[in-house]
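S.K.: Need a 3D model of the sequence below.
(2 chains)
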Number of protein chains: 2
Amino acid sequence: MQTLIWKNLTEQQRKAALTRPVISASLNIQQAVEAIREDVLTNGDDALLALSEKFDKVKLDSLVVSKAQIQAASERLSAELKQAIQNAKRNITAFHEAQKPQTVDIETQAGVRCQVVTRPINRVGLYIPGGSAPLFSTVLMLAIPANIAGCKKVVLCSPPPIADEILYTANLCGVETIYQVGGAQAIVAMAYGTQTVAKVDKIFGPGNSFVTEAKRQVSQSVNGAAIDMQAGPSEVLVLADENADPDFVASDLLSQAEHGADSQVILVTPSETLAKQTALAIERQLALLPRKETATKALEHSRIFIAESLEQAVEISNEYAPEHLVVQVENARALLDQLDNAGSIFLGAYSPESMGDYASGTNHVLPTYGYTRTTSSLGLADFSKRMTVQELTPQGFKALAPTVELMASAEQLEAHKQAVSIRLQKLK
Amino acid sequence: MQTLIWKNLTEQQRKAALTRPVISASLNIQQAVEAIREDVLTNGDDALLALSEKFDKVKLDSLVVSKAQIQAASERLSAELKQAIQNAKRNITAFHEAQKPQTVDIETQAGVRCQVVTRPINRVGLYIPGGSAPLFSTVLMLAIPANIAGCKKVVLCSPPPIADEILYTANLCGVETIYQVGGAQAIVAMAYGTQTVAKVDKIFGPGNSFVTEAKRQVSQSVNGAAIDMQAGPSEVLVLADENADPDFVASDLLSQAEHGADSQVILVTPSETLAKQTALAIERQLALLPRKETATKALEHSRIFIAESLEQAVEISNEYAPEHLVVQVENARALLDQLDNAGSIFLGAYSPESMGDYASGTNHVLPTYGYTRTTSSLGLADFSKRMTVQELTPQGFKALAPTVELMASAEQLEAHKQAVSIRLQKLK
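M.R.: This next block holds a predicted model:
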């Protein structure tokens, strides 16, 4: 990890030091995904079965996971893990229930009633990647708010063979149908529908570069589907002062670094001592990690910044706009009002990122890559949409009519004015 | 306007009848916008001045509109129009103030505090098209929520010469700086910044196909800017029964049709009588409209659907998913719970679309093209972002630690587990 002293950097060096590595799907990936899209649109289920055989080396009898398979998966899991998943579910449910929108229903003037009405997105599709580590925690983060929002259809795709933990969690959280299909083909199938896979309105969830590119493509297509957010590599910024425990700081940086070689982890501190001690703690802890190789690669493009003050450290964080922001300073909460542009904030020594990743209750699907400047962390609102409603009484209409007639005339929209004038005449 | 009897249509004919005309930027437009982007990125203000001379035929001394120009514009406007704009501002302000988010701050379990914190998007750019009709109403719809949200920087671009109404309204609504620059070059300038034009985080507002394509391009670029929503042609669906006044229905259809030749207007009714009377009323009213030619073109690809029942009419509306939904049936409010997938809903005979377009209080920036299935009508939330916060006490941490350790282990993320275990050890 490179250590940089902020005050010694020029404006341009500062900018460069906070710049994320470029990500963009190569032309190869774009074209491969386009080919898969054509294939699935043309051949439907047959394409999905063939692609699963090709990419996942699995020959499937059915795209749908049976109730018996789900039951068997549940029986294979330990009671302790199932209890842990249920604990997490309870906290995540509580926090997302608390996000139910308030009623907006007012008279803007006498006889002019305006409302915001929130409705669930009808059909949602959840994508969970496969691979060695089964990301069942992401099932919790997607299926729980989908159900609280009241989405009428909640389906899930994951590459075969699907891990027991994923099947168990999906079933626990009320997912209606689980399809054992992964990759770009799963995204295309959910966006447009096949004989077996239900078409959905919006697709949620992480994935590799093919999945990300497929989500981009279907979201740009009018008959495709909306998506949760643009995805980039995961990242953490730890803001720490001299009171922080270097072991804690190091463990938070490493828990992000183990996610992937492209993860970015950043420490910003006004304390040179803490910076040095953290670097040493990282060395010690890294040696013991199974994912040491991945974490080492991530650390290569990660940085420690020495700030002149805590205020400057906050400025650096706000400028970087991290996905995860861990704050290990004395009285962390006092800093909250100054913190901006973060996906999720972890206050104090005993709020490591892991807590939010799994079970504190907050959602771990967060904007990355600086999108926290404009994009919200995933929440109940993402599974709903807001419509506005207005209703005018004849009296309310009459009172507001002259205003609208004048404005419509000034915009040279005569038919807009006429829709008012015609009604006014009948009211006289 | 074509009249179709729903029950006589096959599944496929129904689908085709509800399909919108394809919109997609031609390769020419894409390339033209790319060239403009290159030009502005390379030449900054000089490019903006040259492009204004080329496209708008205006030679500018300054890109920024001066305070004196704004003052002069205000003095040229009638007191009546200024009062009307202020009335609209009052209602729009009231409705968007009512959207301020509630506090979300709970303990999901003892010692585990989770919050949602809402923060303004720092810098926003508003785009207002030029042309013969000055769309100052859109200034109200964008600048008012930007200010209520607390955006620190609110700037506006519009092609020169900017109409007095736009300058007056922007100033009234607290826009900090008005740039007299339009088209794709304005979008690029706000997305990346030039010597004079401030870089913003998110761009809002309508525009022609070059502006729409420029918004698409900058939103796909990591260093660009977020955008409000994908734009399509404007549309209205009127749901009416035999009690509706055909003159009112016709006037609402025409007020949408005059927007542009690509606008789509749809009437769905269980009453053949109303359908016939409305068609006649359209003929009568159309003859008197200044924008008759535009409206006639829009009507060519617009449709009347005869449904078997009001329930079926509602189904058709939910399937089409209109931007504007005008409901002129007996007891319109009773239908609200069944209505879905609409941008804004207008209930009853005295709630024409014009009211919401200008002054009822609701926002007239709405998703089009079927995006109402997943996208919200523009509101205060679009000028803000939500961050989550968690803070665990040592006791709260201790209680939740075993859950997180178990889950992290099951996901084979050992460093995530270690971040918990290291803290647990120090707590003992």
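S.K.: The closest residue to A:H324 other than its chain neighbours: which element?
M.R.: Among residues not flanking A:H324 along the chain, A:V236 sits closest, at 4.2 Å (Cβ to Cβ, 6 or more residues apart in numbering or on different chains). No exception for glycine: its C-beta is placed from N, CA and C like everyone else's. Using DSSP states H and E, A:V236 sits in strand A:235-240.
S.K.: Could you point out the helix or strand that follows that strand?
M.R.: Assigned by DSSP H and E, the successor of strand A:235-240 is helix A:246-257.
S.K.: Look at the most centrally placed residue in chain A and give its secondary structure.
M.R.: Centrality entry for chain A: nearest residue to the mean C-alpha point is A:V365, 3.1 Å, by Cα atoms, centre = their mean. Recorded secondary structure, A:V365: coil (DSSP: H, G, I helix; E, B strand; the rest coil).
S.K.: what separates stretch A:181-192 from the chain centre, distance-wise?
M.R.: 18 Å (Cα atoms, centre = their mean, to the nearest Å).
S.K.: average pLDDT across it?
M.R.: Taken as a whole, stretch A:181-192 has a mean pLDDT of 98.
S.K.: Buried residues in the helix or strand harbouring A:A281, which are they?
M.R.: Element membership for A:A281 (DSSP H and E) is helix A:272-286. For helix A:272-286, burial by neighbour count (16 or more other Cβ atoms under 10 Å in any protein chain shown) applies to A:L274, A:A275, A:Q277, A:T278, A:A279, A:A281, A:I282, A:Q285, A:L286.
S.K.: what helices or strands is that helix leaning on?
M.R.: helix A:246-257, strand A:264-269, helix A:292-300, strand A:303-306, helix B:414-427 (3 or more Cβ pairs under 8 Å, 6 or more residues apart in numbering or on different chains; DSSP states H and E).
S.K.: So which residues lie in contact with it, not counting its own?
M.R.: With contact meaning Cβ atoms under 8 Å, 6 or more residues apart in numbering or on different chains, helix A:272-286 is reached by A:1, A:3, A:240-242, A:244, A:246-247, A:249-251, A:253-254, A:267, A:269, A:292, A:295-296, A:299, A:304, A:306, B:415, B:418, B:422.
S.K.: Buried subset of these as a PyMOL selection?
M.R.: Only the buried entries of the contacts of helix A:272-286 go into this PyMOL selection, using 16+ other Cβ under 10 Å:
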select buried, (chain A and resi 1+240+241+244+246+247+249+250+251+253+254+267+269+292+295+299+304+306) or (chain B and resi 415+418+422)
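S.K.: May I see the buried residues of stretch A:398-417?
M.R.: Neighbour counts over stretch A:398-417 (16+ other Cβ under 10 Å) mark A:398-401, A:403-408, A:410-411, A:413-417 as buried.
S.K.: Check whether the residue nearest to A:H324 really touches A:V327, as I assumed.
M.R.: No - at 11.4 Å, A:V236 does not count as touching A:V327 under the criterion of Cβ atoms under 8 Å.
S.K.: Mean confidence (pLDDT) on the helix ranked longest in chain A, please.
M.R.: Assignment by DSSP state H gives helix A:27-51 as the longest helix of chain A. Averaged across helix A:27-51, pLDDT comes to 96.
S.K.: and it, which residues are buried?
M.R.: A:29, A:32-33, A:36-37, A:39-41, A:44-45, A:47-49, A:51.
S.K.: elements contacting that helix?
M.R.: Helix A:27-51 is packed against helix A:183-192, helix A:209-219, with contacts defined by 3+ Cβ pairs under 8 Å, 6+ apart.
S.K.: Just give me how far that helix sits from the chain centre.
M.R.: On Cα atoms, centre = their mean, the centre of helix A:27-51 falls 25 Å from that of its chain.
S.K.: same check, this time on stretch A:178-195
M.R.: 20 Å.
S.K.: same question, stretch A:370-384
M.R.: The mean C-alpha position of stretch A:370-384 is separated from the chain mean by 7 Å, Cα atoms, centre = their mean.
S.K.: Alpha carbons only: can I get it in CSV?
M.R.: The C-alpha coordinates for stretch A:370-384 follow below in CSV (Å, rounded to 0.1, in the frame of the first residue of the first chain):
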residue,chain,number,x,y,z
GLY,A,370,-18.0,7.5,-7.0
TYR,A,371,-21.7,7.1,-7.9
THR,A,372,-22.5,7.7,-4.2
ARG,A,373,-22.5,11.4,-5.2
THR,A,374,-25.8,11.0,-6.9
THR,A,375,-27.1,7.4,-6.2
SER,A,376,-28.7,6.0,-3.1
SER,A,377,-27.8,2.9,-1.3
LEU,A,378,-30.3,0.1,-2.2
GLY,A,379,-33.5,0.4,-0.2
LEU,A,380,-37.2,-0.2,-0.1
ALA,A,381,-37.7,2.7,-2.6
ASP,A,382,-35.8,0.8,-5.3
PHE,A,383,-38.5,-1.9,-5.3
SER,A,384,-41.3,0.7,-5.7
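S.K.: That one near chain B at all?
M.R.: Yes - using Cβ under 8 Å from any Cβ of the partner chain, stretch A:370-384 reaches chain B at A:G370, A:Y371, A:T372, A:R373, A:T374, A:T375, A:S376, A:S377, A:G379, A:A381.
S.K.: dump the residue contacts of A:D262.
M.R.: A:P21, A:I23, A:P233, A:A298.
S.K.: cutoff 6 Å now
M.R.: A:D262 makes contacts with A:P233, as judged by Cβ atoms under 6 Å, 6 or more residues apart in numbering or on different chains.
S.K.: ditto for A:L253
M.R.: A:V265.
S.K.: what about it, distance to A:L274?
M.R.: 12 Å (Cβ to Cβ, to the nearest Å).
S.K.: What residues of stretch A:89-102 count as buried?
M.R.: Buried-residue list, stretch A:89-102, by 16+ other Cβ under 10 Å: A:K89, A:N91, A:I92, A:T93, A:A94, A:F95, A:H96, A:E97, A:A98, A:Q99, A:P101.
S.K.: Just the ones in helices from those residues, please.
M.R.: Of the positions in the buried residues of stretch A:89-102, A:K89, A:N91, A:I92, A:T93, A:A94, A:F95, A:H96, A:E97 sit in helices, assigned by DSSP H.
S.K.: rewinding a little: contacts for the longest helix of chain A, please.
M.R.: Looking at what lies outside helix A:27-51 - Cβ under 6 Å, 6+ apart - the contacts are A:60, A:181, A:184-185, A:188-189, A:194-196, A:209-210, A:213-214, A:217.
S.K.: Off-centre distance for stretch A:10-17?
M.R.: That offset, for stretch A:10-17, works out to 29 Å (Cα atoms, centre = their mean).
S.K.: whoops, stretch A:275-282 was the one
M.R.: Distance of stretch A:275-282 from the chain centroid (Cα atoms, centre = their mean) equals 31 Å.
S.K.: and it, what's its mean pLDDT?
M.R.: When pLDDT is averaged along stretch A:275-282, the result is 97.
S.K.: Stretch A:160-168 now?
M.R.: Mean per-residue pLDDT for stretch A:160-168: 96.
S.K.: chain center to it, what's the gap?
M.R.: Taking Cα atoms, centre = their mean, one finds stretch A:160-168 lying 21 Å from the centre of the chain it belongs to.
S.K.: repeat for stretch A:419-428
M.R.: Relative to where its chain is centred, stretch A:419-428 has its mean C-alpha point 49 Å off (Cα atoms, centre = their mean).
S.K.: Next, the buried residues of it.
M.R.: A:A419, A:V420, A:I422, A:R423.
S.K.: measure the first one to B:V22 for me?
M.R.: Here the criterion is Cβ to Cβ. By it, A:A419 lies 29 Å from B:V22.
S.K.: can you check A:G396 too?
M.R.: According to Cβ to Cβ, A:G396 and B:V22 sit 40 Å apart.
S.K.: Could you check which of the two is surrounded by more residues?
M.R.: Neighbours per residue, other Cβ atoms under 10 Å in any protein chain shown: of A:G396 and B:V22, the larger number sits with A:G396, 22 against 6.
S.K.: Please identify which helix or strand holds the more buried one.
M.R.: A:G396 belongs to helix A:394-410 when assigned by DSSP H and E.
S.K.: Contact partners for A:G361?
M.R.: By Cβ under 6 Å, 6+ apart, A:G361 lies in contact with A:N91, A:I92, A:A94, A:F95, B:T108, B:C114.
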